[in-house]
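Trainee: Build the 3D model from these lines:
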Amino acid sequence: MMRENIIRGIVNVCVAAIAWLIVGCGVTGCNGKVAESAATPVVSDSGADVSAWADSVMGTMSAEDRAAQLVMPALYARDDDAELRLLREYACSLHVGGIVLLKGTLPEARTLADSLARWSTVLPLVAIDGEWGLSMRLSDAPRFPANRDIDPAATENALYDYGYEMARECRAAGINMLLGPVVDVLGTDRPQGGLGYRSFGDDPERVARFGVAYSRGVEDGNVISVAKHFPGHGRATSDSHRNLPVIDASRAALDTTDLLPFKRYSEVGLSGIMTGHLSVPALDASGRPATVSDSMLNGVLRKDIGFKGLIITDAMNMGAVTSYSASDAVKAGADIVLAPVDTKEAIASIALLDSALLADRCRRVLIRKYRLAGPLPTRASLDSLSIRADAVSSRL
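Mentor: Sure, this is the predicted structure:
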């Protein structure tokens, strides 16, 4: 009987995985034919079921397909022909694991998200920056205060509700990964740092409390939160979009300030941490940016802090990392590479990495995707976003 139950459980997991791999929604798929509606997996809290599902999906993938799961190119949230053609290429030809949305509107974001889901064989991740609400990228979305302007006396409950509201808005727009919160602690000797209004401030305890409360709300709303920018951008005096900042602080100072919010975020089991393109000699004497530093990602973040979630790069098309490749980041410990300069080349280079390393990264991504299973709200829900948003914003 026990053996039969085990076999039945394995079969159920495999059937769910195969069903989820069907391209669907009753609309045109990659092959130009009308696809049947896709099923979603029966989500289980069992770690064994999740791992079995991830392994069953990986068993259908080539090295290139596994590598593609780790790559998320950037696209404007526009539903014009050019952007949809590019999206179709990413999904149908390159099989990317997801996309990052840039500027656009809520309905257009939902169109791209729905199209990507229709053309993908595995649930795609759709990410966006939303540091003061989705209006940071989507012009018609409700706007919230910048982190700097949130009342220092705001309660953790208010921050949780803010995160939960953000998740509601994300899911209405088809988004399941929020690139936030910013948990960089501003340097007291440079109050604006490289972040200014994007940070919760210069008090590491407050930054940690607000960041964790907000992230819990996001994740209780079934959206992946991504705390950024590890190991802390608040002391930077230059812009990593243009060149590589050097963080000149001792390990002791970093432990009590910059790293503290990331430790707290990790301790409560939240999902994602974004790397900063930062040189931190106290953590890696070679001067390599954190994004491509084994010492910082596998050493400090994985081993010292104990983080078990997704490690996600900042955009790889930024000036601070032009000398490094997507495969450098994955080899150093990253699970997902955002906005590579050349998506096809990034996938090809990652596919050449050690097969065990590639399987480890791909499995971690698939497990997080498994936990996102479930239908999205209807598009009509976009019309009512501002009603709840105004009430939440008034408490910040």
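Trainee: Flag the shaky bits of the protein, pLDDT-wise.
Mentor: The chain contains residues with pLDDT under 70 at 1-28, 32-46, 189-194, 238-239, 380-381, 383.
Trainee: One more pass at 50, please.
Mentor: Along the chain, segments meeting pLDDT under 50 span 1-27, 34-40, 42, 44, 193.
Trainee: per-domain residue ranges of it.
Mentor: Following automatic domain parsing, the chain resolves into domains at 1-60, 62-393.
Trainee: can you list those domains in JSON lines and add mean neighbour count?
Mentor: Where you see a C-beta, it was placed from the backbone N, CA and C, and this is true even at glycine. As requested, these are arranged in JSON lines below (neighbours: other CB atoms under 10 Å):
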{"stretch": "domain 1-60", "mean neighbour count": "15"}
{"stretch": "domain 62-393", "mean neighbour count": "20"}
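Trainee: ok, Phe307 - contacts?
Mentor: Phe262, Ser266, Ile273, Leu301 (CB atoms under 8 Å, 6 or more residues apart in numbering).
Trainee: how about the nearest residue to the last one, chain neighbours excluded?
Mentor: Sequence neighbours aside, Phe307 is the residue nearest to Leu301 in space, at 5.0 Å (criterion: CB to CB, 6 or more residues apart in numbering).
Trainee: rewinding a little: from the contacts of Phe307, pick the one nearest Cys170.
Mentor: Nearest to Cys170 out of the contacts of Phe307 is Ile273 (CB to CB; 18.3 Å).
Trainee: Run through the bridge partners of the closest one.
Mentor: Ala227, Ile311 (DSSP bridges).
Trainee: What distance do you get for it to Val212?
Mentor: 12 Å (CB to CB, to the nearest Å).
Trainee: Now do the shared contacts for those two.
Mentor: Between them, Ile273 and Val212 share the contacting residues Tyr265, judged by CB under 8 Å, 6+ apart.
Trainee: where along the protein do the helices fall?
Mentor: For the chain, the helices defined by DSSP state H occupy 2-20, 47-58, 63-68, 81-88, 106-119, 156-172, 204-220, 251-256, 260-267, 294, 326-332, 343-351, 355-370, 385-393.
Trainee: looking at those, which is closest to Thr378?
Mentor: When the helices of the chain are compared by CB to CB, helix 156-172 sits nearest Thr378, at 8.4 Å.
Trainee: Check which helices and strands that closest one sits against.
Mentor: strand 177-179, helix 204-220, helix 385-393 (3 or more CB pairs under 8 Å, 6 or more residues apart in numbering; DSSP states H and E).
Trainee: switch to 7 Å and redo it
Mentor: helix 204-220, helix 385-393 (3 or more CB pairs under 7 Å, 6 or more residues apart in numbering; DSSP states H and E).
Trainee: gap between the shortest one and the chain center?
Mentor: Here helix 385-393 is found 24 Å from its chain centre; the criterion is CA atoms, centre = their mean, to the nearest Å.
Trainee: Alpha carbons of it, as CSV, please.
Mentor: Provided in CSV are the C-alpha atoms of helix 385-393 (Å, rounded to 0.1, in the frame of the first residue of the first chain):
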residue,chain,number,x,y,z
LEU,A,385,-6.9,49.7,-8.6
SER,A,386,-7.0,53.3,-7.2
ILE,A,387,-9.8,52.7,-4.7
ARG,A,388,-7.7,50.6,-2.3
ALA,A,389,-4.5,52.3,-3.2
ASP,A,390,-5.6,55.7,-1.9
ALA,A,391,-6.6,54.2,1.4
VAL,A,392,-3.2,52.4,1.8
SER,A,393,-1.2,55.4,0.7
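Trainee: Which elements pack onto it?
Mentor: Helix 385-393 packs on helix 156-172, going by 3+ CB pairs under 7 Å, 6+ apart.
Trainee: Tell me what angle the helix it packs on forms with helix 106-119.
Mentor: Inter-element angle recorded for helix 156-172 and helix 106-119: 60 degrees (by axes from the mean of the first three to the mean of the last three CA atoms, to 10 degrees).
Trainee: So what touches helix 156-172?
Mentor: 130, 133-134, 141-142, 144, 176, 178, 209-210, 213-218, 220-223, 376-377, 381-382, 385, 388-389, 392, 395-396 (CB atoms under 7 Å, 6 or more residues apart in numbering).
Trainee: Next: stretch 259-268.
Mentor: For stretch 259-268, contacts defined as CB under 7 Å, 6+ apart pick out 183, 185, 204, 207-208, 211-212, 215, 227, 230-232, 273, 305-307.
Trainee: So for Leu357, which of the helices and strands packed on helix 156-172 sits nearest?
Mentor: Comparing the helices and strands packed on helix 156-172 by their distance to Leu357 (CB to CB), the top pick is helix 204-220, with 27.0 Å.
Trainee: quick revisit: from the contacts of stretch 259-268, which is closest to Ala356?
Mentor: Phe307 (20.2 Å).
Trainee: what's the distance between the closest one and Thr111?
Mentor: Counting by CB to CB, the separation of Phe307 from Thr111 is 34 Å.
Trainee: now Glu169
Mentor: In terms of CB to CB, Glu169 sits 16 Å off from Thr111.
Trainee: same deal with Val57?
Mentor: From Val57 to Thr111 the distance is 26 Å (CB to CB).
Trainee: what's the answer for Leu278, then?
Mentor: Distance from Leu278 to Thr111, by CB to CB: 36 Å.
Trainee: For the helices of the chain, could you give me TSV that also reports distance to Gly287?
Mentor: Below are those laid out as TSV (distance: least, CB to CB, whole Å):
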stretch	distance to Gly287
helix 2-20	43
helix 47-58	35
helix 63-68	28
helix 81-88	36
helix 106-119	38
helix 156-172	35
helix 204-220	25
helix 251-256	15
helix 260-267	21
helix 294	13
helix 326-332	14
helix 343-351	22
helix 355-370	24
helix 385-393	42
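Trainee: how about the ones you listed, which one is nearest Ala315?
Mentor: helix 326-332 (11.2 Å).
Trainee: how distant is the closest one from the center of its chain?
Mentor: 17 Å.
Trainee: Ok, stretch 123-130 next?
Mentor: Taking the mean of its C-alpha atoms, stretch 123-130 sits 6 Å from the chain's own mean (CA atoms, centre = their mean).
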